[in-house]
Structure formats: structure tokens, C-alpha cells
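Visitor: Would you be able to build a 3D model of this:
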Amino acid sequence: RSWMRKLVIVALVAVIAQGILGGVRVRLNDVTLAMIHGCTGPAFLVLTTIIAVMFSAFWQNPVSPELSAAEADNKNEHNKDIEVSEVDADIYDRNNEQGLSSGLELSVRYDKRNNVFEPSNGHYVRAAVEYVGIGGDLNWIKSELEGRFYRPVVGELVFRSRVRARQLLEVSNEYIPRHAKFSMGGARNMRGYSFEDIGPKVTATNVSTTLDQEFNTGGMFSLIGTMELEHPLIKEAGLKWVLFVDAGNVYEKYLGQDDNYDLRLDYGFGFRWFSPIGVLRFEFGYPVNPKDGEEGSQFHFDIGPMF
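Guide: Residues are numbered from 1 along each chain as shown. The predicted structure follows:
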């Protein structure tokens, strides 16, 4: 297979890079040595190979051999969500979608984590209220409550969890634009779903193609809970593996509206490299009971800690 050939090439490049770095490391200063972070030995080869496997997800041909390119493009066009700029004007208020917003946020935090960058024990609680409407054209109130918990299980295996709830409130029945509302899906929340897969949706006409497609209108209440198990894979290289489960949803007005307490679920695994430039996350997510049009799996690359 083509991806296997590419993987072999990357592995060979890793071997060459390992030899080059190994040859010059005696001439490097302490800062550069710290940035290499122990990746000039066998760990460097393993790390590069794992990254190659992660990126191999991008190298696959998304077009099924049974479909022509034109048929595949047409299939994707019908399945993808419509963008805000393409939606029929009857779905949302174009005149109020854009404008100047200015606000003030008040937040309170209680942080008992043992390490802010790489926590393995402790807890964190944050409550915040934001008022938008101090000048400008837009007006709303947003409240947020979040809790995080970290605890070692066995050895260096760490249990990590997070729960976060957010609520938007109208002020004097003023219009809240789509970009201020909540949606989920992607590397930062529900990792088994594509970006903005989760949220209240309506069928709208795409003004560019005249096709009927789904449009995520965004919701006023979002809830997400995450549980993870994290353990070092190559400690000297700052590489860890992770198993995760996500549960959450976005509701049109509030939790329980029309007896809607449904939660979307996903699970997956990944690798995290605590590099000199930050945490690099390579994660595979799989949705539980995906709906029509939602893909069966997702690969996400992101920079920065999940929580």
C-alpha cells in the first residue's frame, strides 16, 4: 500500500535525522540540547514513526474506488453542513449577524493542581459570567461553570476528568448571532465528530448550489464531560498515550427543553508529545451511534492541552 511506502520513507528519514543529530549534539549549547529533550536516541526513531502513523490518516485517498471523482464530490456536497454565508436568508437575521461587541467578564478560579502544564493530581474549578453590551451593537449574557479532576491510579497512570456547562441568555429579547452560540465537534470537545457536527440543526437551502442541506443554528446551552487515562509512552521524549471518552450535547435553549436530555458519546485514543513548543496532540475519535451524514471516525491534530 502507498501509505506503507510513505511510512517506510519517514522511518528512514528518522534514522538519518537521528544520526545527524547524534553527530552534532556535542556542538550544541544547553538550550538546544534541552529542546531536543532526549530524542536523539532510539526514542527519536519511535517518536517519528508514531507521528508518521498519525499523519498517514491524511494520506489516504478519501474517494472510494467504487465511486468516480465526480460522484464522490456530489456525495460530499450533499452530506456536508451548509456554511453561514451560504444559508438561505430566511433561516437567520443577516442584518444582525455582524456588528461590534464589547463586554466584561468576571471569573473566579480555585486551582489545586500540582502542575499547570502537565497536571497529574489535584482539582480545578472555574465559574465565570460575561456581559456583552457595554457599547457596541450586540447584547447577551454568558455564564460558565467548569470542574477538572486529576488523580494517579497506578504508578504513572493518571485519571483525568472534566465537566463544563455553558449557558447563553438573551437581554431584552435581543438577537444573538450565530457565531456567539455553541456547537460541538472537533479536537477541543467531542473528538469523535467533525467540527460543528453537534448542535441544533435545520434543513436550509444553499444559495450557491440551491441544494437542501443541514445548517447548525447553534444552541444556547452546552454540556460536556470527559474522562481520560494518560500514561507515559516514552518518558525521556515527553511522549504519552491516552484513552478517552467524551459525552456532551448542545441544546437549543436550555437543558431539558422538550424533555431533551440526550447526550452524544464518543471514545478514542491518541498520543501527546509534550514538546518545547507546547503539547502536540494526535487523537483518533469514534462516535457512538452516529447520525446520517456523520462520519464514522475522526483524526485530530491540535496544539495545546485538552484541559
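
Visitor: V129: what's it in contact with?
Guide: 105-107, 141-144 (CB atoms under 8 Å, 6 or more residues apart in numbering). Backbone N, C-alpha and C define where each C-beta goes, glycine included.

Visitor: can you rerun that using 7 Å?
Guide: Contacts for V129 (CB atoms under 7 Å, 6 or more residues apart in numbering) come out as 106, 143.

Visitor: CA atoms of the helix or strand containing it as CSV?
Guide: Assigned by DSSP states H and E, V129 belongs to strand 122-136. Provided in CSV are the C-alpha atoms of strand 122-136 (Å, rounded to 0.1, in the frame of the first residue of the first chain):
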residue,chain,number,x,y,z
GLY,A,122,-5.4,17.9,42.2
HIS,A,123,-8.5,19.7,41.0
TYR,A,124,-9.6,22.9,39.4
VAL,A,125,-12.9,24.8,39.5
ARG,A,126,-13.8,27.9,37.5
ALA,A,127,-17.0,30.0,37.4
ALA,A,128,-17.5,32.9,35.0
VAL,A,129,-20.1,35.4,33.9
GLU,A,130,-19.7,37.6,30.8
TYR,A,131,-21.9,40.5,29.9
VAL,A,132,-21.7,41.7,26.3
GLY,A,133,-23.4,45.0,25.6
ILE,A,134,-21.2,47.7,27.0
GLY,A,135,-21.3,49.8,23.9
GLY,A,136,-21.4,48.1,20.5
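
Visitor: next structured bit after it?
Guide: That would be, after strand 122-136 and using DSSP H and E, strand 140-154.

Visitor: what angle do that next one and strand 122-136 make?
Guide: Strand 140-154 runs at 170 degrees relative to strand 122-136, counting by axes from the mean of the first three to the mean of the last three CA atoms, to 10 degrees.

Visitor: As CSV, could you dump the C-alpha coordinates of the following helix or strand past strand 140-154?
Guide: Per DSSP H and E, the first helix or strand lying C-terminal to strand 140-154 is strand 157-170. Coordinates of each C-alpha in strand 157-170 appear next as CSV, following Å, rounded to 0.1, in the frame of the first residue of the first chain:
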residue,chain,number,x,y,z
LEU,A,157,-1.1,6.1,35.0
VAL,A,158,-3.3,9.3,35.6
PHE,A,159,-7.0,9.6,35.6
ARG,A,160,-8.2,13.0,34.2
SER,A,161,-11.8,14.3,34.0
ARG,A,162,-13.6,17.5,33.2
VAL,A,163,-17.2,18.7,33.3
ARG,A,164,-18.2,22.0,31.7
ALA,A,165,-21.6,23.7,31.3
ARG,A,166,-22.3,26.9,29.5
GLN,A,167,-25.5,29.0,29.1
LEU,A,168,-26.3,31.9,26.9
LEU,A,169,-29.1,34.3,27.9
GLU,A,170,-30.9,36.9,25.8
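
Visitor: E294 - nearest residue in space that isn't next to it in sequence?
Guide: Nearest non-adjacent residue to E294, counting by CB to CB, 6 or more residues apart in numbering: D197, 5.6 Å away.

Visitor: That should have said R148, apologies.
Guide: Y124 (4.2 Å).

Visitor: and what of K201?
Guide: Per CB to CB, 6+ apart, closest to K201 is E214, 4.7 Å.

Visitor: host element of the one you found?
Guide: Counting by DSSP H and E, the element that carries E214 is strand 212-216.

Visitor: For the helix or strand just after that strand, enumerate the helices and strands it packs against.
Guide: The first helix or strand that comes after strand 212-216 along the chain, using DSSP H and E, is strand 221-234. Packing partners of strand 221-234 (3 or more CB pairs under 7 Å, 6 or more residues apart in numbering; DSSP states H and E): helix 42-59, strand 157-170, strand 239-251.

Visitor: Ranked by average pLDDT, which of these falls at the bottom?
Guide: Looking at the helices and strands packed on strand 221-234, the lowest mean pLDDT belongs to helix 42-59 (a mean of 52).

Visitor: hmm, back to that, and the strand holding V129, which residues are buried?
Guide: Going by neighbour count (16 or more other CB atoms under 10 Å), the buried part of strand 122-136 is 124, 129, 131-133.

Visitor: pLDDT of that strand, averaged?
Guide: So the average pLDDT for strand 122-136 ends up being 94.

Visitor: mind listing what it pairs with, with the direction of each?
Guide: According to DSSP bridges, strand 122-136 has the following sheet partners: strand 101-111 (antiparallel), strand 140-154 (antiparallel).

Visitor: Could you tell me which ranges of this protein sit under the pLDDT cut-off?
Guide: Filtered on pLDDT under 70, the chain yields the residue ranges 1-94.

Visitor: pretty sure K201 is touching G218, no?
Guide: No. Using CB atoms under 7 Å as the test, K201 is too far from G218 to be in contact (9.8 Å).

Visitor: These two: who's more crowded?
Guide: Using other CB atoms under 10 Å as the criterion, K201 and G218 rank with G218 on top: 23 against 19.
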